[in-house]
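Asks: please find the sequence and the predicted model below.
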Amino acid sequence: MQAETRTREGQSDFDFLFGRWTVRNRRLRHPLSGSEEWYDFDASYRAIPLWDGKANLDEFIADTPYGRIEGLTLRLYDAATATWSLYWATSKNGLIVVPNVGAFNGGDGFGEFFSRETFDGRPIVCRYRWTKECEHGGCRWEQAFSPDDGATWETNWIMEFTRA
């Protein structure tokens, strides 16, 4: 899926995320397998702006029932298309070189970012969905996979952010 060109200015889209957070995670144990087994864990998180807002970086650290996750996201803004490219990396697996690309939809507080990847040997579309403001005063991130080019989606990771 290709991000469409936008006419809005989106450089400040992720300003809401800067600072420190605690994150309640809910993750599907076996995505795209028909399983409905979820597990929960907490994480610490911090995000900082770079390049006068044209980039930002976050750090995610969690001890899960299945091991420690040390991750980071580098987000780069493209002013020509008003889109962001989100690159995820972990200390275990290194950089995922295919970014999720997208934008927030104007003033509604929702953003979607897509990539084409391979999961368990089969092609998928990966979607990140950000919600800037939630009922509890924080924000929310979700990851979903589609094995059928976006016709159906399975959410497999949900993060609920609360200011630290």
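Replies: Received the coordinates, thanks. Numbers count the residues shown, from 1 in each chain.
Asks: got any ranges where the chain has weak pLDDT?
Replies: Low-confidence segments of the chain, defined by pLDDT under 70: 1-8, 135.
Asks: center of it, which residue is that?
Replies: Nearest to the mean C-alpha position of the chain, by Cα atoms, centre = their mean, lies residue 128 at 4.5 Å.
Asks: the host helix or strand of that one - contacts with which helices or strands?
Replies: Using DSSP states H and E, the element containing residue 128 is strand 122-131. Where contact means 3 or more Cβ pairs under 8 Å, 6 or more residues apart in numbering; DSSP states H and E, strand 122-131 is packed against strand 100-104, strand 110-119, strand 139-146. No exception for glycine: its C-beta is placed from N, CA and C like everyone else's.
Asks: what residues are up against the residue lying closest to residue 154 once chain neighbours are set aside?
Replies: Excluding the flanking residues, the one nearest residue 154 by Cβ to Cβ, 6 or more residues apart in numbering is residue 145, at 5.5 Å. Neighbouring residues of residue 145 by Cβ atoms under 8 Å, 6 or more residues apart in numbering: 31, 32, 119, 124, 125, 126, 127, 153, 154, 156.
Asks: now those residues as CSV including distance to residue 50 and neighbour count?
Replies: Formatted as CSV, the contacts of residue 145 follow (distance: Cβ to Cβ, whole Å; neighbours: other Cβ atoms under 10 Å):
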residue, distance to residue 50, neighbour count
31, 31, 18
32, 34, 15
119, 30, 14
124, 30, 21
125, 28, 20
126, 24, 22
127, 25, 20
153, 31, 16
154, 33, 15
156, 29, 20
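Asks: nearest to residue 16, of these?
Replies: Nearest to residue 16 out of those is residue 127 (Cβ to Cβ; 19.6 Å).
Asks: please tell me how far the residue nearest to residue 58 when sequence neighbours are not counted sits from residue 75.
Replies: Nearest residue to residue 58, sequence neighbours excluded (Cβ to Cβ, 6+ apart): residue 47, at 4.0 Å. Distance of residue 47 to residue 75, given as Cβ to Cβ, to the nearest Å: 9 Å.
Asks: with residue 20 instead?
Replies: Taken as Cβ to Cβ, the span from residue 20 to residue 75 is 17 Å.
Asks: do the same with residue 31
Replies: 23 Å.
Asks: in space, what's closest to the residue nearest to the centre of the chain - neighbours in sequence excluded?
Replies: Per Cβ to Cβ, 6+ apart, closest to residue 128 is residue 113, 4.3 Å.
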